[in-house]
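> Sequence unavailable; structure follows:
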């Protein structure tokens with residue numbers, strides 16, 4: 001069988017099939033989104049926030065301020081170097097963020 005003998009595949013049936021598949025996937029995603037619980041939506045919100053550059057920049061800024069205030073100690077420092085309290089705060093944050101991220 002030569003190339004000339006093979007039936008030509010037109011783009012119209014392929015486009016129609018692709019459009020049908022995309023519409024089907026969109027309907028499935030919409031149905032899935034409507035059946036999600038508050039906890040699932042909240043977990044996704046937390047993951048989006050914790051994974052954002054805004055969160056990372058704000059957290060880095062606060063950590064640097066914490067360390068500067070305790071190293072310079074213009075007034076009574078609350079967490080001397082090696083920053084044990086800061087370590088506790090970050091461990092606490094990780095302990096709560098990890099399960100939420102895994103749930104998402």
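Received it, and whenever you're ready, just let me know what you need. Computed from a predicted model, the values in this text were never measured in an experiment.
> buried ones in stretch 69-79?
Using 16 or more other C-beta atoms under 10 Å as the test for burial, stretch 69-79 gives 70, 79. For every residue, glycine as well, the C-beta is placed using N, CA and C.
> What is the end-to-end distance of it?
9 Å (C-alpha to C-alpha, to the nearest Å).
> chain center to that stretch: distance?
Put simply, stretch 69-79 sits 35 Å off its chain's centre (C-alpha atoms, centre = their mean, to the nearest Å).
> do the same with stretch 26-37
On C-alpha atoms, centre = their mean, the centre of stretch 26-37 falls 19 Å from the chain's centre.
> Stretch 48-55 too?
Distance of stretch 48-55 from the chain centroid (C-alpha atoms, centre = their mean) equals 7 Å.
> From start to finish, how long is it in a straight line?
Using C-alpha to C-alpha, the span of stretch 48-55 from its first residue to its last is 10 Å.
> list the buried ones in it?
Residues of stretch 48-55 classed as buried by neighbour count (16+ other C-beta under 10 Å): none.
> now it: mean pLDDT?
Per-residue pLDDT values over stretch 48-55 give a mean of 94.
> and the strand or helix carrying residue 89, what other elements does it pack with?
Using DSSP states H and E, residue 89 sits in helix 84-103. Here helix 84-103 touches helix 38-50, helix 53-72, going by 3 or more C-beta pairs under 8 Å, 6 or more residues apart in numbering; DSSP states H and E.
> Turn those into TSV, including distance to residue 21.
Converted to TSV, the helices and strands packed on helix 84-103 look like this (distance: least, C-beta to C-beta, whole Å):
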stretch	distance to residue 21
helix 38-50	25
helix 53-72	34
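> follow-up on the earlier one: can you pull the buried residues of the helix holding residue 89?
86, 100.
> the inter-axis angle of that helix versus helix 38-50?
130 degrees (axes from the mean of the first three to the mean of the last three C-alpha atoms, to 10 degrees).
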